[in-house]
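Novice: Provided below are the primary sequence and the corresponding predicted coordinates.
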Amino acid sequence: MVTNWLAARHALRSLGSKLDRPEREGHVTDPAIAICAHDLTTGYRQGSHVRVVHRGLELVLPRGKLTALLGPNGAGKSTLMRTLSGLQPALSGTVWVDGVPLRALSPQAIARRIAVVLTDRVDVGYMTAYALAALGRHPYTRWDGRLTPEDEQIVQEAMYAAGCAGLAARMVAELSDGERQRVMIARALAQQTPIIFLDEPTAFLDLPRRVEIMYLLRNLAHQTGRALLLSTHDLELALRFADLLWLMGGDGTFVTGTPTELLQRGELLRVFSAEGQEVRHYLQDLHQRWQATDLLRTPQ
Amino acid sequence: MNAPLSSAQAGWAHALASPFPPLRIRRSVLLALIAFTGTAFMLSLAIGAVSIPLEEVVRVLLGGQASNDTWQTIILIFRLPKAITALLAGAALSAAGLQMQTLFRNPLADPFVLGISSGASLGVALVVLGGAAVSASVFGRTAFLGELGLVSAASLGAAAVFVLVLAIARRVQNIVTLLVLGLMVGYLTSAVVSVLIYFSLPEQVSAYINWTFGSFGGVTWQQMRTFAPALLVGLVTALVTVKPLNALLLGENYARSVGVNVRAARWWVTASASLMAGAVTAFCGPIGFIGIAVPHLCRALFVTSDHRVLMPASLLLGGGLALIFDLISQMPGTRAALPLNVVTSAVGAPIVLWIVMRRQSFGRI
């Protein structure tokens, strides 16, 4: 559905039609859509120097689904996530969050709509996992950061939901990478936002932990109706678990669709077409096997 | 996945076995800290070259008349302003140290990392050492060199760096730039001070060195009218910034993602820390170690990085410790007195050393 819309949008745009405006507005207010962006250009501006990472992005992030952002290193995945979450300004174009333009929202208002789990190392000396998760209540607490019993209840439920309530009394510095990632997810849940972005949440984790986290994220998206967007390098896990893929090529291309669609159309291969021959051969081999097997049968 | 237990389901038995540790500072701990600081305050009024019975101290504090006129004078004119100065300065330095350690995510940061005390010492050095070079008269210098002259010289020096730091803090992308600025100001001023010392008379050098020893005794009631409000403004700002400081524990990106205006928070934290460090240095000299050691002591004592606990705890412990350091430097029962910085360093250095050794096995700030 999303791809159809994008295709239609593209056709209209190439015709230079002004009809695209009402069409887009329709998406902006569609309650099933958490974020949409139109003609979005991401990149960095430092003084007069402008470095464009992506130009003219059209995208839609639906609620209740796990969306995975895939692409080679340096393709601009983190830049896109930072732009969509308001951590850095877009060079041009518009992002709507819940039908409201992102740039019209105050930092506090954004914090009540979008929570993030970043790759930044969390390096706090003397803090329990519970206190760390409780920092997610920041956008709701009064000036001195005091937590009400309701706040504490929300944090505790978030920790149960993320499967880390048992770690509550442990010091963050003593947690393993996988445990810390769960606590950071609990922190994002405690922020009670309809949208959560996760930047490479499975990096540094072993396979069992990666699978656990992907199950957790997919269940959270489906059961709580949140829109979850994660970036990852783990193609196979993304294909198996994500409801939608955003594929970012190293050459600035951007395609979206369900894993099945993209796999059948060979888009996954195209994303890495700029890579060297060894990489392409390896991926072609992998791709053929994935297409041949029942890879995309939803894991139970 | 574990289903969240509703409190009705779990009942009181669950509450007892709750895996969630308390998040707030315990009231008993807070009361103990207040008692510690209060005791230190009373002791510093009672003990000194002359010992005064505690009940007399209490009577004078409550507005009564001491049984001995000299005691009355000693308490009201000498010890009370000094004790208040020590209390405020200790609290301010600890708060500023805590702010800087979190802002720079560096356990070795202290209130002076931004170069505030370097600015003050340059001001004092210019007056004490450079002043004579101009007038070429030892008498002229000493006349000019009243307590007030020292205070204004230090204030001007500190204020100059303060303004510079704030102007830059508003602009910089990367907070480390500020740290480098502080370091460079430090090197520059120490170079100028060295040159001045090199060309100065021994008496001038000793007057300068005397200032660097630090003292809580120089603040008169008159000066208190500037000193106390400046520090109180800084302390209140420090207490108000605990929420953004907590968010900054996770780094600037996370802080931004929970709605903190990082640039504004950084500016307010820098402003209050610089104000406190500047005022203390101007009126008491460069007092070392309290600012770096007390926040670490509080982290170790309360096993938390939460500023809602650390900030009030640092204020109380910092104020109390400053009073005790001052008491020790008086060496009660003797005629002699140790320089204040000797005492703070002798006690502070082992603490910092202990933290550095400990850090290998544990986290940071």
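Specialist: Okay, I see it.
Novice: Does the strand or helix carrying residue B:101 reach chain A?
Specialist: Using DSSP states H and E, residue B:101 maps to helix B:80-103. No: contact of helix B:80-103 with chain A (Cβ under 8 Å from any Cβ of the partner chain) is absent, the minimum separation being 10.0 Å. C-beta coordinates here come from the backbone N, C-alpha and C atoms, glycine included.
Novice: and that helix, C-alpha only, in CSV?
Specialist: The C-alpha coordinates for helix B:80-103 follow below in CSV (Å, rounded to 0.1, in the frame of the first residue of the first chain):
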residue,chain,number,x,y,z
LEU,B,80,30.0,34.4,62.6
PRO,B,81,30.9,36.0,59.3
LYS,B,82,33.7,33.6,58.9
ALA,B,83,31.5,30.6,59.6
ILE,B,84,28.8,31.8,57.2
THR,B,85,31.5,32.4,54.6
ALA,B,86,32.9,28.9,55.0
LEU,B,87,29.4,27.4,54.9
LEU,B,88,28.5,29.3,51.7
ALA,B,89,31.8,28.9,50.0
GLY,B,90,32.0,25.2,50.7
ALA,B,91,28.5,24.6,49.4
ALA,B,92,29.1,26.8,46.3
LEU,B,93,32.4,25.1,45.4
SER,B,94,30.9,21.7,45.8
ALA,B,95,27.8,22.6,43.7
ALA,B,96,30.0,24.1,41.0
GLY,B,97,32.3,21.1,41.0
LEU,B,98,29.4,18.7,40.6
GLN,B,99,28.0,20.9,37.7
MET,B,100,31.3,20.9,35.9
GLN,B,101,31.9,17.2,36.3
THR,B,102,28.6,16.4,34.8
LEU,B,103,28.7,19.1,32.1
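Novice: what about that helix, average pLDDT?
Specialist: Mean pLDDT, helix B:80-103: 95.
Novice: Give the burial count for the closest residue to residue A:274 other than its chain neighbours, as a bare number.
Specialist: Ranked by Cβ to Cβ, 6 or more residues apart in numbering or on different chains and with sequence neighbours excluded, the top spatial neighbour of residue A:274 is residue A:250, at 4.5 Å. Here the number of neighbours of residue A:250 (other Cβ atoms under 10 Å in any protein chain shown) works out to 16.
Novice: just residue A:253 next, same as before
Specialist: Residue A:253, neighbours per other Cβ under 10 Å, totals 16.
Novice: Which elements pack onto the following helix or strand past the helix holding residue B:101?
Specialist: Heading C-terminal from helix B:80-103, the first helix or strand you meet, by DSSP H and E, is helix B:116-125. Other helices and strands packing on helix B:116-125, by 3 or more Cβ pairs under 8 Å, 6 or more residues apart in numbering or on different chains; DSSP states H and E, are helix B:147-171, helix B:176-198, helix B:202-213, helix B:262-284.
Novice: and those, which one is worst for confidence?
Specialist: helix B:147-171 (a mean of 80).
Novice: Show residues contacting that helix.
Specialist: For helix B:147-171, contacts defined as Cβ atoms under 8 Å, 6 or more residues apart in numbering or on different chains pick out B:114-124, B:126-128, B:177-178, B:181-182, B:185, B:211, B:218, B:220, B:223, B:263, B:266-267, B:270-271, B:274-275, B:277-279, B:281-283, B:285.
Novice: Ok, stretch B:226-246 next?
Specialist: A:135, A:138, A:141, A:143-145, B:84-85, B:88-89, B:91-92, B:95-96, B:98-99, B:102-103, B:219, B:255, B:260, B:262, B:265, B:268-269, B:271-273, B:275-276, B:279-280, B:283, B:306-308, B:311-312, B:315.
Novice: again, 6 Å this time
Specialist: A:145, B:88, B:92, B:95, B:102, B:219, B:260, B:265, B:268-269, B:272, B:275-276, B:279, B:283, B:307-308, B:311 (Cβ atoms under 6 Å, 6 or more residues apart in numbering or on different chains).
Novice: before we move on, what about stretch B:300-318?
Specialist: A:124-127, A:131, A:145, B:25, B:33, B:37, B:90-91, B:94-95, B:98, B:239, B:242, B:245-246, B:249, B:290, B:294-295, B:298.
Novice: Ok, stretch B:108-128 next?
Specialist: For stretch B:108-128, the external contacting residues (Cβ under 6 Å, 6+ apart) are B:93, B:96-97, B:100-101, B:149-150, B:153-154, B:156-158, B:160-161, B:165, B:182, B:185-186, B:189, B:192-193, B:196, B:204, B:207-208, B:211, B:274, B:277-278, B:281-282, B:286, B:291-292.
Novice: just the strands in the stretch 151-300 of chain A please.
Specialist: Per DSSP state E, counting those that start in this stretch, the stretch 151-300 of chain A carries strands over the ranges A:195-199, A:227-232, A:244-248, A:254-257.
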